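K.L.:
I'd like to go over a predicted model; first the sequence, then the structure.
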Amino acid sequence: MDLKKIGAFIAACRKRHKLTQLELAEELGVTDRSVSNWENGICLPDASLYRQLCDILKISINELFAGEYLCEENYKKAADDNLLCLLEHRLYEMSPTDINFDDFQNALRRISEATTLLKRFDDKQEAVSYLVNETGLSFDECDKAYDYYMEMFSF
């Protein structure tokens, strides 16, 4: 989710409807500073405002999160991408972590890749041997990592 792109889209839609930041803010019950922050890509509006904002700007929620008008053929992909990104943001917000969001997203991708990879092997020995060859870690470390993934994802 690109906050700058979303912000620019909000600004363009607002201007298209000949609204000032203050007028939009008043309709939403927020400050014009809040609208400015959204339009500058500093933050997103509160989730409770999404529907009302989209109604005022005459856009869909998927278009809001895509930061652009969507044609019918791109709509489903954008909807899926937006949903996944929102879930990632929600997981990040719930996580007691000191890493930035990009590092968090990278970690999620790596976990997903690791679980997909481990599912390909017929047995533990084969998977652990692969991990030893690929990572250069000891057999014991890879064996423990395998057990951890199996327990964590129960597959």
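P.N.:
Looks like it arrived, so ask away. Residues are numbered from 1 along each chain as shown.
K.L.:
so for the host helix or strand of residue 63, what's the average pLDDT?
P.N.:
Using DSSP states H and E, residue 63 sits in helix 61-66. If you average the pLDDT over helix 61-66, you get 89.
K.L.:
Tell me the buried residues in that helix?
P.N.:
62, 63, 64, 65, 66 (16 or more other CB atoms under 10 Å). C-beta here means a position set from N, CA and C on the backbone, and glycine is covered the same way.
K.L.:
who touches the closest residue to residue 69 other than its chain neighbours in this structure?
P.N.:
Of all residues not flanking residue 69 in the chain, residue 63 sits nearest, at 5.7 Å (CB to CB, 6 or more residues apart in numbering). Counting by CB atoms under 8 Å, 6 or more residues apart in numbering, residue 63 makes contact with 9, 54, 69, 70, 78.
K.L.:
which two of those lie the greatest distance from each other?
P.N.:
The two members of those with the most space between them (CB to CB) are 54 and 78, at 14.0 Å.
K.L.:
any chance of the buried residues of helix 61-66 in TSV, with distance to residue 145 too?
P.N.:
Shown next, in TSV, are the buried residues of helix 61-66 (distance: CB to CB, whole Å):
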residue	distance to residue 145
62	38
63	42
64	40
65	35
66	37
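K.L.:
which one of those residues sits closest to residue 99?
P.N.:
Nearest member of those to residue 99, counting by CB to CB, is residue 65, at 23.1 Å.
K.L.:
What is the nearest of the buried residues of helix 61-66 to residue 39?
P.N.:
Within those, distances to residue 39 taken as CB to CB reach their minimum at residue 64, with 12.5 Å.
K.L.:
Give the buried residues for the helix or strand containing residue 129.
P.N.:
For residue 129, the host element (DSSP H and E) is helix 124-135. Buried residues in helix 124-135, defined by neighbour count with 16+ other CB under 10 Å: 127, 128, 130, 131, 132.
K.L.:
Brilliant, that's me finished.
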